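1. Turn this into a model:
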Amino acid sequence: MQLVTERLSLTRLKPEDWQLFHRVHTDETTMRYISAVPQLADIRQRFSDRLAPWQPTSFHMLCMAIRLKESGEDIGMIGANAEWAPYRQAEVGYTLLKTHFGKGYGSEALAVFADYLQNECEFHKLKAQVVEGNWASRRVLEKNGFQLEGTLRDNYLLRGEWVNDWVFGRLKSDR
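-> The predicted model follows:
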């Protein structure tokens, strides 16, 4: 599976994407709002889990590598955890390598990915949780029609500190 935009190519995660996966999960700046940098064994397990075949009713994450279309350079990843039955919802998440922050790639990747999930996979609702204060990620979601639905207080333990999460949603009918 491949999704293409003007500047990007998104492809299902493959074994040869290990270096990208490892780089994303070991970069402190990239992981700032996600988690502490995981142990290597945890990163390997997550990678292995994401290589399994995926369909909308799967219980594991769809994970895609994001690359610059022209050069093929790895720039990040995007994914979705499905909650098909009975909700037909999916939670989306994305992360870019720090050298590619602020260039509009996250918004561009989410646009094609969200449209794929709602139009091709027929998800009724897409959700996203963002650590309060991650304004860049919030802008990416809002540019793509996600609406703030609320704040979950002390919802996530991030590097030993409880943080609030913003909750966003986008209905298929919103587009």
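2. For T57, give me its contacts.
-> Applying Cβ atoms under 8 Å, 6 or more residues apart in numbering to T57 gives the contacts 82, 84-85. The C-beta positions use only the backbone N, C-alpha and C, and glycine is treated the same way.
3. Next: E70.
-> Counting by Cβ under 8 Å, 6+ apart, E70 makes contact with R7.
4. Look at it and tell me its secondary structure.
-> Judged by DSSP: H, G, I helix; E, B strand; the rest coil, the three-state class of E70 is coil.
5. quick one: it from F168, how far?
-> For E70, the distance to F168 equals 31 Å [Cβ to Cβ, to the nearest Å].
6. cool, and Q45?
-> Noted for Q45: a distance of 28 Å to F168, by Cβ to Cβ.
7. which of the two has more neighbours?
-> Per other Cβ atoms under 10 Å, whichever of Q45 and F168 has more neighbours is F168, with 24 against 12.
8. Show the contacting residues for the more buried one.
-> 127-130, 138, 141-142, 146-149.
9. Mind checking which of those land in helices?
-> Using DSSP state H, the subset of the contacts of F168 located in helices is 138, 141-142.
10. ok, which stretches of this protein are helices?
-> Using DSSP H, helices in the chain cover 18-26, 40-50, 105-115, 135-143.
11. and the nearest residue to M64 once chain neighbours are set aside, how many neighbours?
-> Nearest-residue entry for M64: L10, 4.5 Å, with adjacent residues in sequence omitted and distances by Cβ to Cβ, 6 or more residues apart in numbering. Using other Cβ under 10 Å, L10 has 22 neighbouring residues.
12. same check, this time on the one 4 residues further on
-> Other residues near K14 number 9, with proximity taken as other Cβ under 10 Å.
13. Fine, thanks again, bye for now.
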